[in-house]
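Asker: Need a 3D model of the following:
(one chain, ligands or ions: 2)
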Amino acid sequence: MDNAKKTPVARCTRCGATNTDSIYINMRCQRTLAGKRCSGTLENAIDPSNWELCAQCKGSGIDESTKCASCRGDGWIYCRNT
Ligand SMILES: [Zn+2]
Ligand SMILES: [Zn+2]
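Answerer: Residues are numbered from 1 along each chain as shown. Ligands and ions are numbered 1, 2, ... in the order given. Reported below is the predicted structural model:
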């Protein structure tokens, strides 16, 4: 996993967008969906146990030179057990 991406630390409660910078935790999601800003909040997902390296792209976020569909280019899959 030499080219694996950084593990995300925040995840949107609404659209599932991820962020690897902890300054965005508890801030409003930056993603725009169909012209409207997402109303979700980036929740704290800083615990590495929340994330599983994507088996499809081995964490690179790229699958056969396009954005990996399994992890949406993040390289990581959210897997928090509640
Ligand atoms: Zn969002
Ligand atoms: Zn992937």
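Asker: residues contacting the most centrally placed residue in the chain?
Answerer: Nearest residue to the geometric centre of the chain (Cα atoms, centre = their mean): Thr18, 3.0 Å. Listed by Cβ atoms under 8 Å, 6 or more residues apart in numbering, the contact set of Thr18 reads 8, 10-12, 45, 74, 76, 78. Any C-beta I mention is one placed from the backbone N, CA and C, and that applies to glycine too.
Asker: 7 Å instead, please
Answerer: Thr18 sits next to 8, 10-11, 74 when contact means Cβ atoms under 7 Å, 6 or more residues apart in numbering.
Asker: Could you measure from it over to ligand 1?
Answerer: Shown here: Thr18 relative to ligand 1, a distance of 10 Å by Cβ to the ion, to the nearest Å.
Asker: Check what pLDDT the closest residue to that residue other than its chain neighbours gets.
Answerer: Distances taken as Cβ to Cβ, 6 or more residues apart in numbering place Pro8 nearest to Thr18, at 3.7 Å, with adjacent residues excluded. If you check Pro8, the pLDDT there is 97.
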